[in-house]
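Participant: only geometry, no sequence info:
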């Protein structure tokens, strides 16, 4: 039973990591759709944030086969 509790907690953490990436991607999408001409300078910063956030996602997927 303890395994399923751990798995559930890991899936919850994984969902949080993925949500962080998706929120940043949403910011990029909004800039591209609405304000590219005035906020294009934010794109490299947001791109770097996605790369950093993806480290946790990839690490968890590698570590826990049930997440793939």
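Facilitator: Looks like it arrived, so ask away. Source: prediction; values computed, not measured.
Participant: and the gap between the closest residue to residue 31 other than its chain neighbours and residue 46?
Facilitator: The spatially closest residue to residue 31, leaving aside those adjacent along the chain, is residue 39, at 4.9 Å (CB to CB, 6 or more residues apart in numbering). Bear in mind the C-beta positions are built from the backbone N, C-alpha and C, glycine included. The span separating residue 39 from residue 46 equals 10 Å under the rule CB to CB, to the nearest Å.
Participant: any common contacting residues for the two?
Facilitator: residue 31 (CB atoms under 8 Å, 6 or more residues apart in numbering).
Participant: for the protein, which segments count as strands?
Facilitator: For the chain, strands defined by DSSP state E do not occur.
Participant: longest single helix anywhere in it?
Facilitator: Of all the segments of type helix in the chain, defined by DSSP state H, the longest one is helix 2-30.
Participant: and the residue nearest the centre of the chain?
Facilitator: Nearest residue to the geometric centre of the chain (CA atoms, centre = their mean): residue 21, 2.2 Å.
Participant: need the contact list for the residue nearest to it when sequence neighbours are not counted.
Facilitator: Among residues not flanking residue 21 along the chain, residue 53 sits closest, at 4.7 Å (CB to CB, 6+ apart). Applying CB under 8 Å, 6+ apart, we find residue 53 in contact with 17, 20, 21, 24.
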